[in-house]
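*Asks:* this is a predicted model, with the sequence first.
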Amino acid sequence: MNDVADIVLGGAGYAGLFRAIDEADAQAGIGAAWDAGIRAFDTAPHYGAGLSEERLGRFLRSRSEYTISTKVGRLLYDDPLASDGVDDFYGAPKRSRRRDYSAAGVRRSLEDSLERLGLDRVDQLLIHDPDNYQDQTLVEAVPELSRMRDAGTVSGIGVGVNDVEVALRFVRETTIDHVMIAGRYTLLDRRAEAELLPECARRGIRILVAGVLNSGILADPLRRATFDYQPAQRTIIERAQTMERICAKYDVPLRAAALQFPRRNPAVAATVIGAGTKTEVEDTLAMLNITVPDDLWHELARYA
């Protein structure tokens, strides 16, 4: 089996992203990743309105020698009127989210996350989706996170975003250690390649690439034509289907090429996988083991 030291299990899938997953299946999914040697886990209050942190915490409580990152920027509160399926998460607890990028919000977010996780610390804290709150985040959240890092409360700080320009601003104006960029360094969308990846490499900032299947279209462009959490445009579907046909010539599934693509760039420290069940985790690991010929990579590059 391939080395999985550069693989992180993301926490959205087993928290009900796109469809509800019961507790047993979620624990089996996390367990399959653990059994395969994955020891890095990323979660967030946003994922399943806290369900991701709770499920991950239950799994890790009896284990050791792992790293875990969670995020700040959304506080949760009990809400008996909360609807199922908010932000595409299903089967979540009756909670709603409130944006908060203040220093107090950062402290409260970490306290709440540790309670849900049932742990006494996390390794990294990432600012989650500060796109519309950048000025406040830079003035309040970032200094508070820096104080936490200096005090040893966490080992590293960073941002987790979908927007390259937002990531670049934080890279250039702060002293963050990590950038998680979702959906912007994939077979279909390489916007992170021109500036973000080289800028992070120059500054020694660790890049984690998430959303490598672009919400599903690179897993199955015929039946899962979803790109960036929305129905994909016809041009995007056609490009993905063309890539799938090219992969078929080499007997390589499209999702294998999609999952392996970020690992080819030396600036990428880790790939965050979104598998939520045991079957999905096992399939992902199998895809990472498939040999992708150089000729296939060259052909796919023409459709980037």
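*Replies:* Noted; the coordinates are in hand. Numbering: from 1, shown residues only.
*Asks:* contacts only, for the residue of the chain positioned farthest from its centre.
*Replies:* Most distant from the centre of the chain: Lys249, at 30.3 Å, with distances by CA atoms, centre = their mean. Contact partners of Lys249, counting by CB atoms under 8 Å, 6 or more residues apart in numbering, are Leu296. To be clear about C-beta, it is placed using only N, CA and C from the backbone, and glycine gets the same treatment.
*Asks:* ramachandran angles for it?
*Replies:* Main-chain dihedrals, Lys249, degrees, to the nearest 10: phi -60, psi -30.
*Asks:* beta partners of the spatially most central residue of the chain?
*Replies:* For the chain, the residue nearest the mean C-alpha position is Ala210 (4.2 Å; CA atoms, centre = their mean). Bridge pairing for Ala210 (DSSP bridges) gives the partners Ala182.
*Asks:* now do the contacts for it.
*Replies:* Counted by CB under 8 Å, 6+ apart, Ala210 has contacts Gly10, Asp42, Gly160, Met180, Ile181, Ala182, Gly183, Thr271, Val272, Gly274.
*Asks:* per-residue pLDDT, the residue farthest from the centre of the chain?
*Replies:* Note for Lys249: predicted pLDDT of 97.
*Asks:* and it, how far is that from Asp295?
*Replies:* 9 Å (CB to CB, to the nearest Å).
*Asks:* what of Phe170?
*Replies:* Separation of Phe170 from Asp295 (CB to CB) stands at 38 Å.
*Asks:* looking at the two, which is more packed in?
*Replies:* Phe170 (21 against 11; other CB atoms under 10 Å).
*Asks:* excluding its backbone neighbours, what's nearest the more buried one?
*Replies:* Val159 (4.8 Å; CB to CB, 6 or more residues apart in numbering).
*Asks:* and for Ala12?
*Replies:* Tyr47 (4.6 Å).
*Asks:* I'd say the one you found and Gly11 touch.
*Replies:* Yes. Judged on CB atoms under 8 Å, Tyr47 makes contact with Gly11 at a distance of 4.9 Å.
*Asks:* identify the contacts common to the two.
*Replies:* Glu53.
*Asks:* ok, which stretches of the protein are helices?
*Replies:* 23-35, 51-60, 103-117, 134-136, 142-151, 164-173, 191-194, 196-203, 234-249, 254-260, 278-289, 294-301 (DSSP state H).
*Asks:* for the fifth one, list the C-alpha coordinates in CSV.
*Replies:* The C-alpha trace of helix 142-151 is given here as CSV (Å, rounded to 0.1, in the frame of the first residue of the first chain):
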residue,chain,number,x,y,z
VAL,A,142,-5.3,36.3,13.7
PRO,A,143,-3.6,38.0,16.7
GLU,A,144,-5.6,35.8,19.1
LEU,A,145,-4.5,32.7,17.2
SER,A,146,-0.9,33.9,17.2
ARG,A,147,-1.1,34.3,21.0
MET,A,148,-2.4,30.8,21.3
ARG,A,149,0.5,29.5,19.2
ASP,A,150,3.1,31.5,21.2
ALA,A,151,1.6,30.1,24.4
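*Asks:* and the gap between Val4 and Leu259?
*Replies:* 12 Å.
*Asks:* okay, the two: which has more neighbours?
*Replies:* Of the pair Val4 and Leu259, Leu259 is the one with more neighbours under other CB under 10 Å, namely 28 against 19.
*Asks:* wait, the more buried one touches Val212, no?
*Replies:* Yes. Applying CB under 8 Å, one finds Leu259 in contact with Val212, separated by 5.9 Å.
*Asks:* what do those two both touch?
*Replies:* Thr271, Ile273.
*Asks:* where does the protein have low pLDDT?
*Replies:* By pLDDT under 70, the weakly predicted segments of the chain are 1-2.
*Asks:* re earlier: out of the contacts of Ala210, which comes closest to Arg116?
*Replies:* Arg116 has its nearest neighbour among the contacts of Ala210 in Asp42, at 14.6 Å by CB to CB.
*Asks:* ok, the closest residue to that closest one other than its chain neighbours - contacts?
*Replies:* Ranked by CB to CB, 6+ apart and with sequence neighbours excluded, the top spatial neighbour of Asp42 is Ser69, at 4.8 Å. By CB under 8 Å, 6+ apart, Ser69 lies in contact with Val8, Ala40, Phe41, Asp42, Thr43, Val122, Asp123, Gln124, Leu125, Leu126, His178.
*Asks:* so which of the residues you listed is the most crowded?
*Replies:* Thr43 (29 neighbours).
*Asks:* quick check: Asp6 vs Asp131, distance?
*Replies:* 27 Å.
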